[in-house]
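Undergrad: based on what follows, work out the 3D shape:
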Amino acid sequence: MADPAALHGQFLEIFASNSLCRPGAMTVLGSPIDLSRISLLKFVTGALTDHLTPWKGCYQTTQLIGGPATFVLSNAGHIASLVNPPGNPKASYYTGGAQGPIPRSGSRRPPSTPVAGGRHGRTGSQSSRAP
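TA: This is a model prediction of the structure:
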C-alpha cells in the first residue's frame with residue numbers, strides 16, 4: 001500500500017528544491033527529467049492579481065517546456081481570470097508578442113503584453129485592438 005505521508009514528503013522536497021525545473025535534478029523510475037526535451041504546443045494562462053499562482057510562475061512554463069507557447073495574461077485574479085463571462089466590461093487580457101526570458105522581478109507584465117507588441121482584448125470580443 002502506498003504511503004500518503006511519504007508522497008507528501010516527496011512533493012514538499014520537489015517544491016523546496018525546485019528540482020523539476022532543473023534538467024536532470026530529478027529522476028523518475030531512474031530516468032532523469034528534463035522538461036525542455038518535451039516539445040508540444042502550450043496554452044498557458046496567468047492573472048495579474050492572482051495570489052495563488054502568480055503570473056510570473058505561470059509564464060515560466062513557456063520557458064521550461066519545449067515547443068511553441070501562447071501565453072494569455074488576464075487582468076483578473078485566480079478564479080476570475082478563467083470564468084469572467086463574455087462581455088464583462090472590467091475583464092481584459094493581453095496576448096501575443098515575442099516570448100522571452102522570465103521578466104525581471106520589478107516587471108508588472110511579461111514580454112507577451114502590449115508593451116512588447118502584443119494585443120489587448122476584452123472577454124467576449126471578436127477582435128483585439130493593437131496598443
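Undergrad: now do the strands in the chain.
TA: Taking DSSP state E as the test, the strands found in the chain are 27-28, 31-32, 42-47, 69-74, 92-96, 118-122.
Undergrad: between these, which one is closest to Thr61.
TA: Taking Cβ to Cβ, strand 42-47 is the member of the strands of the chain nearest to Thr61, at 5.0 Å. No exception for glycine: its C-beta is placed from N, CA and C like everyone else's.
Undergrad: need the residues that contact that closest one.
TA: The contact list for strand 42-47 (Cβ atoms under 8 Å, 6 or more residues apart in numbering) reads 53-59, 61-62, 65, 67-78, 80-82, 110.
Undergrad: relative to Phe11, which of the strands of the chain is closest?
TA: strand 27-28 (13.4 Å).
Undergrad: sheet partners, orientation included, of that closest one?
TA: strand 31-32 (antiparallel) (DSSP bridges).
Undergrad: show residues contacting the partner strand.
TA: In contact with strand 31-32 (Cβ under 8 Å, 6+ apart) are residues Pro23, Gly24, Met26.
Undergrad: again with stretch 11-24
TA: By Cβ under 8 Å, 6+ apart, stretch 11-24 touches Ala25, Met26, Pro32, Ile33, Asp34, Leu35, Ser36, Gln60, Leu64.
Undergrad: can you map out the helices along the protein?
TA: Using DSSP state H, the helices of the chain run over 4-17, 55-64, 80-83.
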